[in-house]
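Undergrad: Fold the following for me, if possible:
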Amino acid sequence: METGKEQFTIEAAVHGKPTQLQVVSDETTDGITFYKCSSGSKEITELRYEEGYWKQIWGDLPDEEVKGIGAVIDSWQEKNKITS
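TA: Reported below is the predicted structural model:
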């Protein structure tokens, strides 16, 4: 049974243009969370938060856009945090 996957939509700059991105979280086999970011049917990038900053593990976005997308993901997660 899969657990922990999230799907959500954000808006962030991609190649200098505001773009709606569908984000799906997933995990590597050793449990590290990463995020697949797509626009429509096209996958744009895969990111993960590691060692205090956002890293692109797949894609060709400039570092500033990777940081921007990561910041929007962080903001979405903080806003939608489930508390018990």
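
Undergrad: Which strand residues bridge the nearest residue to G59 once chain neighbours are set aside?
TA: Leaving aside its sequence neighbours, G59 sits nearest to T45 (Cβ to Cβ, 6 or more residues apart in numbering; 3.1 Å). In this view, the C-beta of every residue, glycine as well, is placed from N, C-alpha and C. With DSSP bridges as the criterion, T45 is bridged to C37.

Undergrad: T45 reaches Q56, doesn't it?
TA: Yes: using Cβ atoms under 8 Å, T45 is in contact with Q56, at 5.7 Å.

Undergrad: okay, and the common contacts of these two?
TA: The contact sets of T45 and Q56 overlap at V66 (Cβ atoms under 8 Å, 6 or more residues apart in numbering).

Undergrad: one step back: for the residue nearest to G59, what are its contacts?
TA: Per Cβ under 8 Å, 6+ apart, neighbours of T45: 37, 56, 58-61, 66, 69.

Undergrad: same check, this time on D74
TA: With Cβ under 8 Å, 6+ apart, D74 has these contacts: Y49.

Undergrad: what sits against the spatially most central residue of the chain?
TA: Centroid-nearest residue in the chain, with Cα atoms, centre = their mean: Y35, separated by 4.0 Å. Applying Cβ under 8 Å, 6+ apart to Y35 gives the contacts 23-26, 46-48, 73.
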